[in-house]
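Asks: sequence first, predicted model second:
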Amino acid sequence: MTSRPASPRRQIVAVAAGRVQGVGYRAFCAEEAMLLGIQGYARNMPDGRVEVVAEGDESQLRQFVARLREGPFLARVDDVRFRWEEPTGAYNGFEAMI
């Protein structure tokens, strides 16, 4: 039996805009990340947006971005822009930072 090679790890840096602060968006990010096996963090930005840095398999990260665009029930996500970066391996789990 041959095993498939593991997908290479990737990293995204995403920024969500809209009504994404004070509505449980960071906690939503953490829950979704845990379900998908993604590491990183989500934090509020001073301008009202939320920054998300996440590492995982590319397919997991694409699913994650799709979920970030939906957000939790009380959020109104107007836009999520992201870029691919080289993973750092610096994260253990996913943190919703204050």
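Replies: On my side now, so go ahead. Residues are numbered from 1 along each chain as shown.
Asks: how about stretch 17-32: buried residues?
Replies: For stretch 17-32, a neighbour-count test (16 or more other CB atoms under 10 Å) marks 17-18, 20-21, 23-26, 28-30, 32 as buried. (Glycine included, C-beta is placed from N, CA and C.)
Asks: actually stretch 77-93, not the one I typed
Replies: Result for stretch 77-93 [16+ other CB under 10 Å]: buried residues 77, 80, 82, 87, 91.
Asks: what's the end-to-end length of that stretch?
Replies: Start-to-end span of stretch 77-93 (CA to CA, to the nearest Å) is 24 Å.
Asks: so, low pLDDT: which residues of the protein?
Replies: Filtered on pLDDT under 70, the chain yields the residue ranges 1-7.
Asks: re earlier: how about the buried residues of stretch 77-93, which pair is most distant?
Replies: Val77 and Pro87 (24.7 Å; CB to CB).
Asks: and the closest residue to Asn44 other than its chain neighbours, what element?
Replies: Nearest residue to Asn44, sequence neighbours excluded (CB to CB, 6 or more residues apart in numbering): Gln21, at 5.3 Å. Take DSSP states H and E as the rule and Gln21 turns out to sit in neither a helix nor a strand.
Asks: OK, contacts around Gln21?
Replies: By CB atoms under 8 Å, 6 or more residues apart in numbering, the contact set of Gln21 is 44, 48-50.
Asks: all helices of this structure, in order?
Replies: Along the chain, counting by DSSP state H, helices occupy 25-36, 58-70.
Asks: how many residues are close by the residue lying closest to Tyr91 once chain neighbours are set aside?
Replies: The shortest distance from Tyr91 to any non-neighbouring residue, by CB to CB, 6+ apart, is to Gln39 (3.7 Å). Residue crowding around Gln39 was assessed by other CB atoms under 10 Å; the count is 21.
Asks: wait, isn't Gln39 in contact with Gly93?
Replies: Yes: using CB atoms under 8 Å, Gln39 makes contact with Gly93 at a distance of 6.0 Å.
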